[in-house]
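>>> Structure, please.
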Amino acid sequence: MSESAGGGTRPLPVVDQTQDDELDQSASAHQPLPTLSGDEEKAPRFRSPRRVPAAVVALLALGTAGLLLYDVVAVRADHPAMRWRRELARQLGERHLDDTAVLAGAAVAAVAGIWLLVLAVTPGQRSVLPMRRTHSDVRAGLHRGAAAMVLRDRAMDVPGVQSVRVRMTRSKVDVRAVSHFRELDDVRGDLDAVLTDGIHDLGLARAPGLAVHVARPGRKG
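Numbers count the residues shown, from 1 in each chain. Okay, the predicted model is just below:
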């Protein structure tokens, strides 16, 4: 397919076409742009509710505490202690601290504790980017996939861009484009300008850095 433009024709852009054996590539990068004005508030990251880990830990703690409490009450009522508690007390009395089973159990408990601490202190929701807050009672977030799609659509409007891939993280936007005509430096400059405006228009609380790579289509055959 083709379209008329000033008496000539050019192929329509193809989105996310895989390109190999890239030739004559050009790249650029710039630092994050300031997006917060003086009267705006910084937006914290969204915290994950983590309902499943919390429910599992709560059920395990409740079951262990209930079983131990039942056994203690039974012993106070002149009943023998449960077999598992007698066996556990015997094992703890006989095994040394350098025993393999003791070390393995301690390692498992340490790993589980560290994992729970990490879950407790980190906000999670890494795929949701906080947006600028103009009102203290309103919070908004933008999914990284949606933000990457918006920037990709803007990049496809740049003349000379045949295909483009956008990879977005919390701190960086990595753009890899393939240009089938025009000078690579000219295409890169236009992409820099268009994507810089696009990042600002996303309204993110913290603007990520931008890295643009432009290359020619790979050779066929």
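
>>> Centre of this protein to the edge, which residue is at the far end?
Of all residues in the chain, D78 has its C-alpha farthest from the mean position, at 56.7 Å, by Cα atoms, centre = their mean.

>>> how about stretch 132-141 as PDB, C-alpha atoms only?
This file holds the C-alpha atoms of stretch 132-141, laid out as PDB (Å, rounded to 0.1, in the frame of the first residue of the first chain):
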ATOM      1  CA  ARG A 132       1.400  14.500  38.900                       C
ATOM      2  CA  ARG A 133      -0.900  15.500  41.700                       C
ATOM      3  CA  THR A 134      -2.500  18.900  41.400                       C
ATOM      4  CA  HIS A 135      -5.000  18.100  44.300                       C
ATOM      5  CA  SER A 136      -4.000  16.400  47.500                       C
ATOM      6  CA  ASP A 137      -7.200  14.200  47.600                       C
ATOM      7  CA  VAL A 138      -6.800  12.900  44.000                       C
ATOM      8  CA  ARG A 139      -4.200  10.200  43.000                       C
ATOM      9  CA  ALA A 140      -3.800   8.900  39.500                       C
ATOM     10  CA  GLY A 141      -1.400   6.400  37.900                       C
END
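
>>> Rounded mean pLDDT for that stretch, please.
Per-residue pLDDT over stretch 132-141 has a mean of 80.

>>> can you give me how far that stretch is from the chain middle?
Taking Cα atoms, centre = their mean, to the nearest Å, one finds stretch 132-141 lying 21 Å from the centre of the chain it belongs to.

>>> Repeat that for stretch 125-137.
With Cα atoms, centre = their mean, you get 15 Å for stretch 125-137.
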